[in-house]
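# this is the structure alone, sequence omitted:
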């Protein structure tokens, strides 16, 4: 092989290595799990039994802060929530409630839903705490059982 071909081969390998490295950096290697979402909730430990006290609290918060845009069996401004706990991990649900703007911008699942055109009004933060989001999650679990 001539010296010129060797240099071209090295150059192509170098470009390929840079492209692969860039892809890994941009898309994350071991970074955020799209199924967990982006936000403060990294792990949720669910009890097998649904906590009825949390269900009651979650329903109250949902009725005040969420029901204008969400129903369980029909599409409103936001998607229907029936079986959401069967489609999404609890961490993702809580992070969507707590961090909707960043989720829509950076989480592959939320971004795809927002870009689909089915829900042109983005979800906004409703000033809920982590405890409130956990109660709403329990309310969803109760509805999905």
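Received the coordinates, thanks. As the structure is a prediction and not an experimental result, all values here were calculated from the model.
# quick one, helices of this structure?
3-27, 52-65, 84-87, 90-98, 100-106, 108-115, 130-144 (DSSP state H).
# taking helix 90-98 as reference, get the angle to the last one.
Yep, that's helix 130-144 we're talking about. Orientation of helix 130-144 against helix 90-98 (axes from the mean of the first three to the mean of the last three CA atoms, to 10 degrees) gives an angle of 120 degrees.
# which residues does helix 130-144 contact?
With CB atoms under 8 Å, 6 or more residues apart in numbering as the test, helix 130-144 has contacts from 40-41, 44, 46, 50-52, 54-55, 57-59, 61-62, 66, 72, 81-86, 90, 93-94, 97-98, 128. The way it works is simple: take the backbone N, C-alpha and C, and place the C-beta from them, glycine included.
# in terms of mean pLDDT, which of the helices of the chain ranks lowest?
Across those, helix 3-27 has the smallest mean pLDDT, namely a mean of 51.
# mind giving me the domain ranges of this structure?
As recorded under automatic domain parsing, the domains making up the chain are 1-31, 33-144.
# among those, which is the most enclosed?
Of those, the one with the most neighbours on average (mean count of other CB atoms under 10 Å) is domain 33-144, at a mean of 16.
# what's the span of it from first residue to last?
Using CA to CA, to the nearest Å, one end of domain 33-144 lies 24 Å from the other.
# distance of residue 124 from residue 143?
Distance of residue 124 to residue 143, computed by CB to CB, to the nearest Å: 23 Å.
# excluding its backbone neighbours, what's nearest the residue sitting nearest the centre point of the chain?
Geometric centre of the chain, nearest residue: residue 37, 3.5 Å, by CA atoms, centre = their mean. Spatially, and ignoring its direct neighbours in sequence, residue 37 is nearest to residue 95 (3.2 Å; CB to CB, 6 or more residues apart in numbering).
# same question, residue 125
That would be residue 100: by CB to CB, 6+ apart, it lies 5.9 Å from residue 125.
# ok, the one you found touching residue 123?
Yes: counting by CB atoms under 8 Å, residue 100 does reach residue 123; the two are 4.0 Å apart.
# if I look at those two, which residues touch both of them?
Joint contacts of residue 100 and residue 123 (CB under 8 Å, 6+ apart) do not exist.
# so what pLDDT did residue 120 get?
Residue 120 carries a pLDDT value of 84.
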